[in-house]
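Novice: sequence unknown, structure follows:
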């Protein structure tokens with residue numbers, strides 16, 4: 001039986017790199033940051049293709065403070081043309097193809113990502129982006145499957161379960177590796193931004209109608225402080241996408257001295273009318289007026305239903321409460337008054 005993760009684990013060294021590209025050369029100086037002081041940790045961004053995930057990830061801070069590990073490489077030309085001064089940009093899959101042709105695997109990709117992270121100087125950058133992190137996740141699972149002795153001795157994973165793909169053994173091992181990588185990154189930067197594509201969820205051994213999920217490696221969800229699913233833009237904000245807030249941990253806790261208890265003040269609404277860093281930073285700075293929600297800040301059960309495989313029960317309950325409040329306030333879907 002696989003051992004559960006019950007405590008933070010020490011940073012594991014990257015697996016032995018057999019085929020190694022040259023270490024990155026880091027230049028430039030850290031610029032004054034625009035990131036809100038309370039924003040940090042892991043931000044998880046998901047959505048269908050074409051919704052603006054990659055564009056969003058590039059704008060959380062001064063580009064000289066940002067490093068992007070691009071695992072899709074579709075943005076390579078535009079990034080280099082628009083942001084030639086970016087702190088670091090690594091189209092890893094293209095790097096692999098240029099160096100090795102088609103003769104590389106997920107282990108090589110994973111090793112390159114670890115190499116980039118290990119070489120980053122401490123406190124030189126504020127943001128590391130991994131776009132699309134599914135390739136990193138698959139590489140972590142490949143490493144676990146390829147090293148059953150390490151998986152057993154370090155993480156208590158039964159080799160037979162790995163060989164027979166039982167009980168999510170590779171996912172369990174990937175949880176450890178992702179947790180290790182996260183803590184390594186957070187020792188170097190303020191924010192880790194990852195993106196994942198939405199994929200069709202399965203129920204009863206068949207595709208579920210209008211149900212979607214992200215990664216099955218739960219460590220990403222556990223570590224995330226803010227999870228956003230990008231969706232179609234509101235007409236008045238086109239082409240900037242709207243964002244459903246699937247998870248957030250930026251609420252303020254205040255001591256109510258008169259009633260001798262803590263009160264929790266939610267600062268980010270169930271949806272972002274415009275899914276931009278400026279909008280997020282604005283809510284952290286000014287808070288959210290839940291008694292007078294603005295157009296696009298609330299969601300309905302119908303809107304969030306396709307994302308239920310990613311939502312927790314508590315988040316669904318909150319979203320449904322917000323939907324009922326929306327009905328009481330007479331606000332239509334999309335934010336128009338009755």
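Specialist: Arrived safely, thanks for sending. Bear in mind the structure is a predicted one, so any value in this text is a computation, not a measurement. Residues are numbered from 1 along each chain as shown.
Novice: contacts, neighbours, all on C-alpha from now
Specialist: OK.
Novice: quick one, what contacts residue 151?
Specialist: Listed by Cα atoms under 8 Å, 6 or more residues apart in numbering, the contact set of residue 151 reads 144-145, 157-159, 173.
Novice: any idea how far the nearest residue to residue 135 once chain neighbours are set aside is from residue 259?
Specialist: Sequence neighbours aside, residue 71 is the residue nearest to residue 135 in space, at 6.7 Å (criterion: Cα to Cα, 6 or more residues apart in numbering). Note on residue 71: its distance to residue 259, by Cα to Cα, to the nearest Å, is 52 Å.
Novice: residue 227 too?
Specialist: Look at residue 227 and residue 259: by Cα to Cα, they are 33 Å apart.
Novice: where does the stretch 151-300 of the chain dip in pLDDT?
Specialist: 166-167, 202, 206-207, 209-210 (pLDDT under 70).
Novice: what comes up buried for the one helix or strand residue 109 maps to?
Specialist: Per DSSP states H and E: residue 109 is located in helix 106-119. By neighbour count on 16 or more other Cα atoms under 10 Å, the buried set for helix 106-119 is 106-118.
Novice: next SSE after that helix?
Specialist: Using DSSP H and E, the first helix or strand after helix 106-119 is strand 127-131.
Novice: got a list of what residue 174 touches?
Specialist: Residue 174 makes contact with 137, 140-141, 144, 217 under the criterion Cα under 8 Å, 6+ apart.
Novice: against residue 182, how distant is it?
Specialist: Taken as Cα to Cα, the span from residue 174 to residue 182 is 12 Å.
Novice: over to residue 36?
Specialist: 21 Å.
Novice: try residue 34
Specialist: Residue 34 is 22 Å from residue 182, where distance means Cα to Cα.
Novice: out of the contacts of residue 151, which sit inside helices?
Specialist: 144-145, 159, 173 (DSSP state H).
Novice: between all of those residues, which two are separated the most?
Specialist: With Cα to Cα as the measure, no two of the ones in helices among the contacts of residue 151 lie farther apart than 159 and 173, at 11.2 Å.
Novice: mind listing the helices for the stretch 51-200 of the chain?
Specialist: Along the stretch 51-200 of the chain, the stretches classed as helices by DSSP state H, counting those that start in this stretch are 53-57, 76-82, 92-100, 106-119, 134-146, 148-155, 159-163, 169-186.
Novice: residue contacts, residue 57?
Specialist: 129, 193.
Novice: quick one, what contacts the most centrally placed residue in the chain?
Specialist: Taking Cα atoms, centre = their mean, the centroid of the chain lies closest to residue 44, which sits 2.0 Å from it. Applying Cα under 8 Å, 6+ apart, we find residue 44 in contact with 193-196, 220-221, 224-228.
Novice: likewise residue 110?
Specialist: 135-136, 139-140.
Novice: same deal with residue 130?
Specialist: For residue 130, the contact set (Cα under 8 Å, 6+ apart) comprises 68-71, 192-195.
Novice: and what of residue 92?
Specialist: Counting by Cα under 8 Å, 6+ apart, residue 92 makes contact with 69-71, 73, 109, 112-113.
Novice: now those as CSV including pLDDT?
Specialist: As requested, the contacts of residue 92 are exported to CSV (pLDDT from 0 to 100):
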residue, pLDDT
69, 95
70, 93
71, 92
73, 71
109, 90
112, 93
113, 95
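Novice: columns distance to residue 127 on top of those, output as a markdown table?
Specialist: Formatted as a markdown table, the contacts of residue 92 follow (distance: Cα to Cα, whole Å):
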| residue | distance to residue 127 |
| --- | --- |
| 69 | 11 |
| 70 | 14 |
| 71 | 16 |
| 73 | 18 |
| 109 | 21 |
| 112 | 18 |
| 113 | 15 |
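Novice: any idea whether the most far-flung residue of the chain relative to its centre is helix, strand or coil?
Specialist: Ranked by distance from the centre of the chain (Cα atoms, centre = their mean), the top residue is residue 258, with 39.4 Å. Going by DSSP: H, G, I helix; E, B strand; the rest coil, the secondary structure assigned to residue 258 is coil.
Novice: distance-wise, check it relative to residue 152.
Specialist: Counting by Cα to Cα, the gap from residue 258 to residue 152 is 54 Å.
Novice: next one: residue 205
Specialist: From residue 205 across to residue 152, the span is 30 Å (Cα to Cα).
Novice: residue 253 - how many residues pack around it?
Specialist: 12 (other Cα atoms under 10 Å).
Novice: okay, and it sits in which element?
Specialist: Using DSSP H and E, residue 253 falls in strand 252-256.
Novice: just the terminal-to-terminal distance for stretch 78-90.
Specialist: 13 Å.
Novice: tell me the spacing between the closest residue to residue 261 other than its chain neighbours and residue 268.
Specialist: Closest residue in space to residue 261, ignoring its immediate chain neighbours: residue 255 at 5.9 Å, by Cα to Cα, 6+ apart. Distance, residue 255 to residue 268, by Cα to Cα: 20 Å.
Novice: the more surrounded of the two?
Specialist: Higher neighbour count among residue 255 and residue 268: residue 268, with 26 against 11, using other Cα under 10 Å.
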